[in-house]
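# Any chance you can model this:
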Amino acid sequence: MGVFTVLLENRGDTAELETRARRAAEAGVAEAMNHLAILLERRGEAAAAERWYRRAVAADHGTAMYNLAVRLEARGALDEAEAWFRRSASGGNPHALYAVARLLHKQGKAEEAEIWLRRAVAGVCPGYPRSANPTSGGPARGPRSRLRTRDSACCPRF
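Prediction:
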């Protein structure tokens, strides 16, 4: 979408922004599809936003995968949301890693949630000594010691 989009957004010109995003989205630009979905969601048009997120996902837009999962979670479609969070996480989105951990924790799957949370911490804080990142230089931990000390400054708490 570019610098012009940022200028329009900063100016608060959402009508012009939506017109341009819609034009580009209808032309098949995945980034514009995602951006249009965000604009629609902000305006309260959740169903239309979801349709555009799905179109962006079909065009393999990584951020749209996460955004679609957030939308699905908000409307209670947790299984489908988890699947999209996992797919987004496999593309390297650390927020999606945390979201998977959060959903697993809600389901009572604490051990699996801890694994995903460690992955999120490693992705968000790669140099943190106690993270799960094998290159961080932190101490090795066995499977029973995962997340026993929730002391990372960047580690989201359940």
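
# Next up, the contacts around residue 40.
18, 46, 48-49, 52 (C-beta atoms under 8 Å, 6 or more residues apart in numbering). All C-beta spots, glycine's among them, are computed from the backbone N, C-alpha and C.

# try 10 Å
Neighbour list for residue 40: 18, 21-22, 46-53 [criterion: C-beta atoms under 10 Å, 6 or more residues apart in numbering].

# helix or strand for it, which one?
Under the criterion of DSSP states H and E, residue 40 resides in helix 30-42.

# related to what we said a few turns ago, counting neighbours, which of the contacts of residue 40 end up buried?
Buried members of the contacts of residue 40, scored by 16 or more other C-beta atoms under 10 Å, are 18, 21-22, 49-50, 52-53.

# how near is the residue most central in space within the chain to residue 29?
The chain has residue 66 as the residue nearest its centroid, 3.7 Å off, counting by C-alpha atoms, centre = their mean. As judged by C-beta to C-beta, to the nearest Å, residue 66 and residue 29 stand 18 Å apart.
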